[in-house]
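In: Return atomic coordinates for the entry below.
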Amino acid sequence: MFTLTISDKAIAITNANEAEAREILMSDEFKEDLQVLESEGAPLWDGFASLSVRPATEEEKAEFELADFDDEEDDDEEEGPYIMFLVDVTDPDELDED
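Out: Predicted structure coming up:
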């Protein structure tokens, strides 16, 4: 498992292998999401702070293992790696829809 950090703060963990983790977590699409998603009222990433991917700690792995992922997805879909945020995250776009 690998963890994405922003300025050395653990933000997200994935059960992908290292190559997949780097491809997913460092992709332009995921970076765009990090600039939209918020934690404590501010975007997760400002577009400038340093991003890095490192092996997950034992504590992060334990938190991931406790997560309840929705396994009722379409059986026709190929199961890929899961990504879990390690901080409370809100999507302001979803808040606008209420």
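In: who's in contact with S52?
Out: The contact partners of S52, taken as C-beta atoms under 8 Å, 6 or more residues apart in numbering, are L4, T5. The C-beta positions use only the backbone N, C-alpha and C, and glycine is treated the same way.
In: Give me the pLDDT value at it.
Out: Note for S52: predicted pLDDT of 97.
In: Check which helix or strand it maps to.
Out: Secondary structure assigned from DSSP states H and E places S52 in strand 51-55.
In: got it, and A49?
Out: Using DSSP H and E, no helix or strand contains A49.
In: so how many other residues sit close to it?
Out: Neighbour count of A49, defined by other C-beta atoms under 10 Å: 13.
In: Wait, G47 touches D28, no?
Out: No: taking contacts as C-beta atoms under 8 Å, G47 lies outside contact range of D28: 11.4 Å.
In: still on that earlier bit, quick check: buried residues in the strand holding S52?
Out: L51, V53 (16 or more other C-beta atoms under 10 Å).
In: Determine the set of other helices and strands touching the following helix or strand past that strand.
Out: Following the chain from strand 51-55 toward its C-terminal end, the next helix or strand by DSSP H and E is helix 58-66. Applying 3 or more C-beta pairs under 8 Å, 6 or more residues apart in numbering; DSSP states H and E, we find helix 58-66 packed against strand 9-14.
In: Any idea how far the strand it packs on is from the middle of the chain?
Out: Chain-centre distance of strand 9-14: 6 Å, with C-alpha atoms, centre = their mean, to the nearest Å.
In: Straight-line length of stretch 46-59, end to end?
Out: 26 Å (C-alpha to C-alpha, to the nearest Å).
In: mind listing what the nearest residue to S39 once chain neighbours are set aside touches?
Out: Closest residue to S39 apart from its sequence neighbours, by C-beta to C-beta, 6 or more residues apart in numbering: V87 at 4.6 Å. Residues counted as contacts of V87 (C-beta under 8 Å, 6+ apart) are K9, A10, I11, S39, L44.
In: Please list only the buried members of the residues you listed.
Out: A10, I11, S39, L44.
In: Near the nearest residue to A49 once chain neighbours are set aside, how many residues? Count them for me, please.
Out: Counting by C-beta to C-beta, 6+ apart, A49 lies nearest to S7, which is 4.5 Å off, once chain neighbours are set aside. Counted with other C-beta under 10 Å, the neighbours of S7 add up to 12.
In: Alright, I will stop here.
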